[in-house]
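> let's see this in three dimensions:
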Amino acid sequence: MSTEQEQETQPQAGVTRYVVRTLMGLEPQVVSELEEYGAVEVELGRRSAAFGATKTVLYRYLQSTRFAVRVLRPIFEFKAKGPDALHATAVQLDWGRWVDPRRSMALDVTVNSEDFPHDQFAMFRLKDALSDHFKSFARGGSVSHLDINRTNPEQLIHLHIAGDQVTISLDLIGKEALFKRGYRAPRARAPLNEVLTAGLLGLAGWRPGETLVDPMCGSGTFAIEAGLWTAGVPIHAGRREWTLFGMPSFDADLWRTVGEEARKERIERAPILASDWNKHPVGDARESVRKAGLEHLVRVEVADFLEMRPPRDTEPGLVVLNPPYGQRVHADDLEHLYGGIGGALKHRWSGWRAALLFPKDLDAQHRIGLKPRVKHTVMNGPLTCTWAVYDLFKGKRADYLAGDERAGHGVEGSAAEGAATDPGSEEGETVRFRRPRVQVPKDED
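Next up, the predicted model:
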């Protein structure tokens, strides 16, 4: 039985099952977001979540999701022991209901099965099944050739095999994954993935209306994602080339209606401040902020975190830092940098929260000198990283945990942990740290 046939027997009319893919560590964020937008029967998976949604809920979610990388619609499920069995079953499926053989397509395959010796072999057998099907069963005449376009397909079909269980899904997005928001400056160097960035903000407990400071902003992704979240705009409503739009079931009028309702701004103003000591990434960040239409919410400037102080006349919020990992910073200076970060946070940012992203095996992380309240493991590209969240306070940790009023500056008591300042240091005292030498590419000279 196909997935569509199973859906037609479900008691909840108009609800279809989908699967959202995300990044490792962000699954809880995805589940919360799905429930916020009205999805039902949400089931947590590994780097994924399955859910049920009406078309209205689906469109609302697709236009505004921050934590999804892809959204799939399963269309066929069956069992197959080996590539020949896959072909034999797939060639008989009702592909014409879901796939237009006149439009270009690509296949994405994930296989975890002893019955299938190689992912590519499974992909070729499915492609053969599609081709044989449309040659024999195409409506309005046979199709002699399928247009396979791996670079920019109009249709993207996912084949997932686990043991002998085969699931075939349509990708509603296509090649341009949801982390590509469209605001990135062309010259931006080593930017954080936008989905990862939004997820890190959520994991740190940041929400619109809270002050955000990103003092090592690079291309400005943290500040821009926070600005988009604060503005409340549907960040994907302007997309024009998704696979979804070419599907027979796509409702253009409903899509527009959902988008118009979501565009009603619900700005909760609070400072979002981005800075970097290097003028070149600051220029890239400013260009990206402008492209995102967030100049009224995000301020970007040149400043050195090791010398800066918290902004005045604002409530303490969250400081986010994605320091260098050692690729461009001299190895003998990396520990000085992380020591300087920890010292600056301890001496100057009492009452704030801080969150740092660094490789899990980075030795220099121990120089921070702070004990995190919570740590999350995430993937920053191929790197396994730690996202550590700290509550910053003045005084002794034991006093802070005991709720001593002298230990905090308006920080909520919890099972938080931090580090005490050096004995005898006074609030506002000038503390100097040596900034490490950074290798500047020749094109930045």
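
> and Leu254, what does it touch?
55-56, 59 (Cβ atoms under 8 Å, 6 or more residues apart in numbering). (C-beta placed from N, C-alpha, C; glycine too.)

> quick one: mean pLDDT over the host helix or strand of it.
Per DSSP states H and E, Leu254 falls inside helix 252-262. Per-residue pLDDT over helix 252-262 has a mean of 91.

> stretch 316-327 too?
Here the average pLDDT along stretch 316-327 is 90.

> what's the spacing between that stretch and its chain's center?
17 Å (Cα atoms, centre = their mean, to the nearest Å).

> may I see the buried residues of that stretch?
316-326 (16 or more other Cβ atoms under 10 Å).

> which residue ranges of the stretch 201-350 of the chain form helices?
According to DSSP state H, counting those that start in this stretch, the stretch 201-350 of the chain carries its helices in the segments 221-231, 252-262, 279-291, 331-348.

> the spatially closest residue to Ala204 that is not a sequence neighbour: neighbour count?
Spatially, and ignoring its direct neighbours in sequence, Ala204 is nearest to Ala355 (4.2 Å; Cβ to Cβ, 6 or more residues apart in numbering). For Ala355, the neighbour count with other Cβ atoms under 10 Å is 24.

> could you look up the SS state of Ala355?
strand (DSSP: H, G, I helix; E, B strand; the rest coil).

> I figured it hits Val389, correct?
Yes: assessed by Cβ atoms under 8 Å, Ala355 is found in contact with Val389 at 4.8 Å.

> which residues do those two both contact?
Ala204.

> hmm, back to that, mind checking which of the buried residues of stretch 316-327 are in strands?
Those of these mapping onto strands are 318-321, per DSSP state E.

> Leu26: which of the residues you listed is nearest?
Val320 (15.9 Å; Cβ to Cβ).

> which ones are touching that closest one?
Val320 touches 200-201, 204, 206, 212-214, 222, 354-357, counting by Cβ under 8 Å, 6+ apart.

> ok, 6 Å please
Residues counted as contacts of Val320 (Cβ atoms under 6 Å, 6 or more residues apart in numbering) are 214, 222, 355.

> the last one and Gly326, how far apart?
Yep, that's Ala355 we're talking about. In this view, Ala355 and Gly326 are 20 Å apart by Cβ to Cβ, to the nearest Å.

> now swap in the second one and tell me
Using Cβ to Cβ, we find Phe222 at a distance of 20 Å from Gly326.

> circling back: buried residues of the helix holding Leu254, list them for me.
So helix 252-262, judged by 16+ other Cβ under 10 Å, has buried residues 255, 258-259, 262.

> related to what we said a few turns ago, mind putting the buried residues of stretch 316-327 into a markdown table with distance to Pro28?
Shown next, in a markdown table, are the buried residues of stretch 316-327 (distance: Cβ to Cβ, whole Å):
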| residue | distance to Pro28 |
| --- | --- |
| Pro316 | 26 |
| Gly317 | 22 |
| Leu318 | 18 |
| Val319 | 23 |
| Val320 | 19 |
| Leu321 | 23 |
| Asn322 | 21 |
| Pro323 | 26 |
| Pro324 | 29 |
| Tyr325 | 26 |
| Gly326 | 30 |
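
> of these, closest to Leu294?
Val320 (16.3 Å).

> hey, what's that closest one bridged with?
With DSSP bridges as the criterion, Val320 is bridged to Ala355.

> begin at 51, not 1, for the rest of this chat.
Will do, 51 is the new start, and the previous item becomes Val370.

> for the residue nearest the centre of the chain, give me its contacts.
The centroid of the chain falls nearest to Val245 when counting by Cα atoms, centre = their mean (1.5 Å). Taking Cβ under 6 Å, 6+ apart, we find Val245 in contact with 73, 119, 229.

> repeat the analysis, applying 8 Å as the threshold.
With the criterion set at Cβ under 8 Å, 6+ apart, Val245 makes contact with 72-73, 76, 116-119, 228-229.

> now swap in Pro241 and tell me
Applying Cβ under 8 Å, 6+ apart, the residues near Pro241 are 234, 268-269, 271.

> could you do Lys225 as well?
Residues counted as contacts of Lys225 (Cβ under 8 Å, 6+ apart) are 156, 201-203, 206.

> let's see 6 Å
Asn202.

> backbone dihedrals for it, please?
phi -70, psi -30 (degrees, to the nearest 10).

> with the one 5 residues further on instead?
The phi and psi torsions at Lys230 (degrees, to the nearest 10) take the values phi -80, psi 90.

> in space, what's closest to it - neighbours in sequence excluded?
Closest residue in space to Lys230, ignoring its immediate chain neighbours: Glu244 at 7.4 Å, by Cβ to Cβ, 6+ apart.

> burial measure for the one you found, as a count.
Neighbours of Glu244 using other Cβ under 10 Å come to 23.

> I figured it hits Ala227, correct?
No: contact criterion Cβ atoms under 6 Å: Glu244 and Ala227 do not qualify, at 9.7 Å.

> may I see the buried residues of the helix or strand where Thr160 lies?
Using DSSP H and E, Thr160 maps to strand 155-162. Going by neighbour count (16+ other Cβ under 10 Å), the buried part of strand 155-162 is 155-159, 161.

> now these in CSV, with pLDDT and distance to Leu196?
Formatted as CSV, those follow (pLDDT from 0 to 100; distance: Cβ to Cβ, whole Å):
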residue, pLDDT, distance to Leu196
Met155, 92, 7
Ala156, 93, 10
Leu157, 94, 10
Asp158, 92, 15
Val159, 93, 16
Val161, 94, 21
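
> could you dump those to JSON lines with distance to Asn430?
Compiled in JSON lines, the buried residues of strand 155-162 are given as follows (distance: Cβ to Cβ, whole Å):
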{"residue": "Met155", "distance to Asn430": "32"}
{"residue": "Ala156", "distance to Asn430": "27"}
{"residue": "Leu157", "distance to Asn430": "28"}
{"residue": "Asp158", "distance to Asn430": "23"}
{"residue": "Val159", "distance to Asn430": "26"}
{"residue": "Val161", "distance to Asn430": "26"}
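
> can you tell me how far Cys267 sits from Asp178?
Applying Cβ to Cβ, the value for Cys267 to Asp178 is 50 Å.

> same check on Gly146?
From Gly146 to Asp178 the distance is 17 Å (Cβ to Cβ).

> and the gap between the residue nearest to Ala254 and Gly390?
Noted for Ala405: a distance of 17 Å to Gly390, by Cβ to Cβ.

> could you do Thr271 as well?
From Thr271 to Gly390 the distance is 23 Å (Cβ to Cβ).

> looking at the two, which is more packed in?
Thr271 (27 against 24).

> that one is in contact with Thr247, isn't it?
Yes: under the criterion of Cβ under 6 Å, Thr271 makes contact with Thr247 at 4.6 Å.

> what residues does stretch 429-437 touch?
74, 250, 253, 407, 409-410, 425-426, 428.

> now the terminal residues of it, how far apart.
Terminal residues of stretch 429-437 lie 10 Å apart, using Cα to Cα, to the nearest Å.
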